[in-house]
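Novice: Just the structure for this:
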Amino acid sequence: MSKMPASKQQTVDLSSLSIQNLSSVKKQLDEELEHLTASFQKLRTAQAKFRECVKAIQNGVNPEVEGKTILIPLTQSLYVPGKLEDTNTVLVDVGTGYYVEKTTTKAIEFYNEKTKTVGSNLDDLEKIITQKTQNAKVVEDVLRQKVLAANSTSSTS
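Specialist: Here you go, the predicted structure:
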(Lines give C-alpha, C1' and ligand atoms only; values in the text may rest on other atoms or scores of the structure.)
Protein backbone atom coordinates (compact mmCIF):
# COMPACT_ATOMS: atom_id res chain seq x y z
CA MET A 1 0.00 0.00 0.00
CA SER A 2 1.38 3.39 -0.82
CA LYS A 3 0.90 6.18 1.61
CA MET A 4 0.63 9.79 0.59
CA PRO A 5 3.37 11.96 2.13
CA ALA A 6 2.07 14.55 4.58
CA SER A 7 3.44 17.36 2.40
CA LYS A 8 1.16 16.27 -0.49
CA GLN A 9 -2.04 16.04 1.54
CA GLN A 10 -4.43 18.94 1.25
CA THR A 11 -6.55 20.28 4.05
CA VAL A 12 -9.81 21.97 3.30
CA ASP A 13 -11.85 24.09 5.67
CA LEU A 14 -15.12 22.16 5.54
CA SER A 15 -17.13 25.11 6.84
CA SER A 16 -16.20 27.04 3.68
CA LEU A 17 -17.80 24.41 1.42
CA SER A 18 -21.40 24.58 0.23
CA ILE A 19 -23.99 21.97 1.20
CA GLN A 20 -23.78 20.53 -2.32
CA ASN A 21 -19.96 20.26 -2.15
CA LEU A 22 -20.13 18.68 1.31
CA SER A 23 -22.68 16.16 0.03
CA SER A 24 -20.36 15.33 -2.84
CA VAL A 25 -17.38 14.87 -0.49
CA LYS A 26 -19.49 12.69 1.81
CA LYS A 27 -20.63 10.55 -1.11
CA GLN A 28 -17.04 10.13 -2.32
CA LEU A 29 -15.86 9.13 1.18
CA ASP A 30 -18.71 6.63 1.50
CA GLU A 31 -17.80 5.06 -1.86
CA GLU A 32 -14.14 4.85 -0.85
CA LEU A 33 -15.11 3.24 2.46
CA GLU A 34 -17.31 0.72 0.68
CA HIS A 35 -14.46 -0.21 -1.68
CA LEU A 36 -11.88 -0.41 1.13
CA THR A 37 -14.19 -2.54 3.28
CA ALA A 38 -14.77 -4.94 0.38
CA SER A 39 -11.01 -5.15 -0.17
CA PHE A 40 -10.52 -5.81 3.54
CA GLN A 41 -12.96 -8.71 3.41
CA LYS A 42 -11.25 -10.15 0.33
CA LEU A 43 -7.88 -9.99 2.08
CA ARG A 44 -9.34 -11.71 5.15
CA THR A 45 -10.68 -14.46 2.89
CA ALA A 46 -7.30 -14.86 1.18
CA GLN A 47 -5.57 -15.05 4.55
CA ALA A 48 -7.98 -17.76 5.70
CA LYS A 49 -7.31 -19.73 2.49
CA PHE A 50 -3.55 -19.57 3.06
CA ARG A 51 -4.05 -20.84 6.61
CA GLU A 52 -6.21 -23.67 5.26
CA CYS A 53 -3.43 -24.60 2.84
CA VAL A 54 -0.99 -24.89 5.74
CA LYS A 55 -3.46 -27.07 7.68
CA ALA A 56 -4.07 -29.25 4.62
CA ILE A 57 -0.37 -29.87 4.16
CA GLN A 58 0.24 -30.47 7.86
CA ASN A 59 -2.73 -32.78 8.35
CA GLY A 60 -3.24 -34.37 4.95
CA VAL A 61 0.18 -34.92 3.46
CA ASN A 62 1.84 -37.61 5.55
CA PRO A 63 3.26 -41.09 4.98
CA GLU A 64 0.07 -42.72 6.33
CA VAL A 65 -1.93 -41.64 3.25
CA GLU A 66 0.73 -42.43 0.65
CA GLY A 67 -0.74 -44.73 -1.99
CA LYS A 68 -4.23 -44.71 -0.41
CA THR A 69 -7.28 -43.25 -2.13
CA ILE A 70 -8.14 -39.78 -0.80
CA LEU A 71 -10.49 -37.00 -1.91
CA ILE A 72 -8.70 -34.21 -3.78
CA PRO A 73 -10.43 -30.79 -3.79
CA LEU A 74 -10.80 -29.28 -7.25
CA THR A 75 -13.03 -26.46 -6.01
CA GLN A 76 -14.64 -25.66 -2.65
CA SER A 77 -17.48 -28.05 -3.40
CA LEU A 78 -16.00 -30.53 -5.90
CA TYR A 79 -13.74 -33.38 -4.80
CA VAL A 80 -12.39 -36.25 -6.87
CA PRO A 81 -10.77 -39.48 -5.70
CA GLY A 82 -7.02 -39.66 -6.12
CA LYS A 83 -3.87 -41.21 -4.70
CA LEU A 84 -1.03 -39.34 -3.11
CA GLU A 85 2.12 -40.83 -4.64
CA ASP A 86 4.69 -38.61 -2.92
CA THR A 87 4.26 -37.18 0.58
CA ASN A 88 7.46 -35.13 0.40
CA THR A 89 6.41 -32.64 -2.30
CA VAL A 90 3.26 -30.73 -3.17
CA LEU A 91 2.14 -28.37 -5.92
CA VAL A 92 1.80 -24.82 -4.64
CA ASP A 93 -0.45 -22.26 -6.33
CA VAL A 94 1.80 -19.21 -6.62
CA GLY A 95 -0.88 -17.12 -8.35
CA THR A 96 -2.37 -16.42 -11.77
CA GLY A 97 -2.69 -20.11 -12.54
CA TYR A 98 0.94 -21.04 -11.97
CA TYR A 99 1.91 -23.97 -9.77
CA VAL A 100 5.35 -24.78 -8.41
CA GLU A 101 6.48 -28.06 -6.90
CA LYS A 102 7.84 -27.53 -3.39
CA THR A 103 8.72 -29.71 -0.45
CA THR A 104 6.06 -29.76 2.23
CA THR A 105 8.34 -27.72 4.52
CA LYS A 106 8.95 -25.07 1.85
CA ALA A 107 5.24 -25.01 0.98
CA ILE A 108 4.30 -24.38 4.61
CA GLU A 109 6.93 -21.61 4.81
CA PHE A 110 5.53 -20.10 1.59
CA TYR A 111 1.96 -20.06 2.87
CA ASN A 112 2.98 -18.78 6.31
CA GLU A 113 4.85 -15.91 4.63
CA LYS A 114 1.79 -15.15 2.49
CA THR A 115 -0.38 -15.15 5.63
CA LYS A 116 2.04 -12.77 7.34
CA THR A 117 2.16 -10.41 4.33
CA VAL A 118 -1.62 -10.32 4.03
CA GLY A 119 -1.87 -9.69 7.79
CA SER A 120 0.44 -6.69 7.45
CA ASN A 121 -1.65 -5.37 4.56
CA LEU A 122 -4.80 -5.87 6.65
CA ASP A 123 -3.29 -3.82 9.47
CA ASP A 124 -2.42 -0.99 7.07
CA LEU A 125 -5.84 -1.13 5.45
CA GLU A 126 -7.58 -1.10 8.82
CA LYS A 127 -5.78 2.14 9.73
CA ILE A 128 -6.85 3.71 6.43
CA ILE A 129 -10.46 2.61 6.94
CA THR A 130 -10.46 4.05 10.47
CA GLN A 131 -9.13 7.40 9.21
CA LYS A 132 -11.63 7.51 6.32
CA THR A 133 -14.46 6.69 8.73
CA GLN A 134 -13.42 9.55 10.99
CA ASN A 135 -13.22 11.89 7.99
CA ALA A 136 -16.70 10.85 6.87
CA LYS A 137 -18.11 11.53 10.35
CA VAL A 138 -16.55 14.99 10.42
CA VAL A 139 -17.94 15.81 6.99
CA GLU A 140 -21.35 14.47 8.03
CA ASP A 141 -21.34 16.62 11.17
CA VAL A 142 -20.44 19.78 9.26
CA LEU A 143 -23.05 18.95 6.61
CA ARG A 144 -25.71 18.43 9.28
CA GLN A 145 -24.84 21.78 10.90
CA LYS A 146 -25.02 23.57 7.55
CA VAL A 147 -28.37 21.98 6.68
CA LEU A 148 -29.79 22.90 10.10
CA ALA A 149 -28.46 26.46 9.76
CA ALA A 150 -29.95 26.76 6.28
CA ASN A 151 -33.30 25.43 7.49
CA SER A 152 -33.40 27.78 10.50
CA THR A 153 -32.59 30.85 8.38
CA SER A 154 -35.23 29.90 5.78
CA SER A 155 -37.89 29.28 8.45
CA THR A 156 -37.22 32.62 10.20
CA SER A 157 -37.48 34.57 6.94
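Novice: Report the distance from the helix or strand of the chain with the lowest mean pLDDT to the chain centre.
Specialist: Across the helices and strands of the chain, mean confidence by mean pLDDT, DSSP states H and E is lowest for strand 69-73: a mean of 83. In terms of CA atoms, centre = their mean, to the nearest Å, the gap separating the centre of strand 69-73 from the centre of its chain is 30 Å.
Novice: Note down every partner strand of it and its orientation.
Specialist: Its sheet considered, strand 69-73 pairs with strand 79-83 (antiparallel) by DSSP bridges.
Novice: Show residues contacting stretch 116-135.
Specialist: Residues outside stretch 116-135 that contact it (CB atoms under 8 Å, 6 or more residues apart in numbering): 1, 29, 32-33, 36-37, 39-40, 43-44, 46-47, 50. (C-beta placed from N, C-alpha, C; glycine too.)
Novice: pLDDT score assigned to Tyr111?
Specialist: Note for Tyr111: predicted pLDDT of 96.
Novice: what's the neighbour count on it?
Specialist: Counted with other CB atoms under 10 Å, residues neighbouring Tyr111 total 22.
Novice: Let me see the contact set for it.
Specialist: Listed by CB under 8 Å, 6+ apart, the contact set of Tyr111 reads 50-51, 53-54, 57, 92.
Novice: Now a ChimeraX select for only the buried ones of these.
Specialist: Applying 16 or more other CB atoms under 10 Å to the contacts of Tyr111, the buried members can be selected in ChimeraX as follows:
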select :50,53,54,57,92
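Novice: Cool, thanks, talk later.
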